[in-house]
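[1] Provided below are the primary sequence and the corresponding predicted coordinates.
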Amino acid sequence: MGKRISRKHDTQKPPKSEYTKLVNIDKDINNGLHSAPGTFVEQLLGNQSNILPSIKYVNVGPFKVNGHIQALESLKQIMSVVKTKYPDLYGRLAHNGMHVPKNIAGKKSKSLHSWGIAIDITIDGIEDVKWNEMSFYGLALMAPIFHDHGWYWGGAFRDQETEKGSGVYWTNEDAMHFEVSKEKLLEWHNAGLLGPVSTRRPEAKIPESTRPTSTSSSSHHRSMFDWLQRGDKGPKVVRLQEALKSHGHNLKSDGNFGGKTEAALIKYQRQCGLPANGIVGPKTAAYLLFF
Ligand SMILES: [Zn+2]
């Protein structure tokens, strides 16, 4: 039995559903992904206070939550898939914390909640019980979707210390917990998406022919308007101009990236502490969408 958690606007709790029945866990679900050690995450994202500017309160679909901006973007995409595949389950989802400074239960190392890149998901307002090697059915349904987006499932946590012994042991089962995998964090880091703290790669002027294709990224905002610069034309430029207008810059949405758009963009980049180069790379695109 999980314990009920109270939520502010939860006067009518949904009745207990099949989604909270217990099922066995596919221990291979995290194949190809690894849980990132705190020391690794700190190298990319900085310490607890460094990341505060990247922590935002955002609606990801079924709920609003405080977390790292890039993880929130990914979570939004995950939730839109859940909504399509399992609409009934989607309506029963809530969370019990994303950006929560804390250590891993029973350990000294920091949980990835400390950086806002892990989330604990409840169903019908109930927490799955950890360490029983079983999972709520609804969490097991969502695990492959999280996996597709590069998130590691706590339902199949691999204890790296225990593993050094004979064979592979699975411990620390925590099925309501999902976290951004080491592989995904590296991908975001290499794409310059991890905000002001991680090492910025210069968004140099890139000839049209050699720009990264927007579709190669799983990030929605990359297809919105990144890799734009002066001289570009079209609907992506219109979206950029609309975004700049929503940030208070006076512009015409004519789809032509000219001097005025460039000047507004440079001003906006300065305000955000981004490299003020007048080019929309992935970092600038992320800021325009979320800040
Ligand atoms: Zn957790």
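    Yes, it's here.

[2] And the helix or strand hosting residue 81, what's buried?
    If you go by DSSP states H and E, residue 81 is part of helix 69-85. Buried residues in helix 69-85, counting neighbours by 16 or more other Cβ atoms under 10 Å, are found at 69-75, 77-79, 81-82. C-betas here are computed from N, CA, C, even on glycine.

[3] before we move on, what about stretch 234-241?
    In stretch 234-241, counting by 16+ other Cβ under 10 Å, buried: 236-241.

[4] if I look at the residue positioned nearest the centre of the chain, how far off is the ion?
    By Cα atoms, centre = their mean, the mean C-alpha position of the chain lies nearest to residue 71, the distance being 1.5 Å. Per Cβ to the ion, to the nearest Å, residue 71 is found 13 Å from the ion.

[5] so what pLDDT did the nearest residue to that residue once chain neighbours are set aside get?
    Residue nearest to residue 71 in three dimensions, not counting chain neighbours: residue 117, with 4.4 Å by Cβ to Cβ, 6 or more residues apart in numbering. Per-residue pLDDT puts residue 117 at 97.

[6] Does residue 117 touch residue 40 like I think?
    No - contact between residue 117 and residue 40 fails when scored by Cβ atoms under 8 Å: they sit 11.6 Å apart.

[7] quick one: the strands in the protein?
    Taking DSSP state E, the strands of the chain run over residues 22-24, 55-59, 64-68, 93-95, 118-123, 134-136, 151-153, 177-180.

[8] Now do the contacts for residue 183.
    32-34, 150 (Cβ atoms under 8 Å, 6 or more residues apart in numbering).

[9] re the thing from before, in JSON lines, list the strands of the chain along with distance to residue 109 and mean neighbour count.
    What follows is the strands of the chain, written out as JSON lines (distance: least, Cβ to Cβ, whole Å; neighbours: other Cβ atoms under 10 Å):
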{"stretch": "strand 22-24", "distance to residue 109": "28", "mean neighbour count": "13"}
{"stretch": "strand 55-59", "distance to residue 109": "20", "mean neighbour count": "15"}
{"stretch": "strand 64-68", "distance to residue 109": "18", "mean neighbour count": "20"}
{"stretch": "strand 93-95", "distance to residue 109": "22", "mean neighbour count": "21"}
{"stretch": "strand 118-123", "distance to residue 109": "13", "mean neighbour count": "26"}
{"stretch": "strand 134-136", "distance to residue 109": "23", "mean neighbour count": "25"}
{"stretch": "strand 151-153", "distance to residue 109": "15", "mean neighbour count": "27"}
{"stretch": "strand 177-180", "distance to residue 109": "13", "mean neighbour count": "28"}
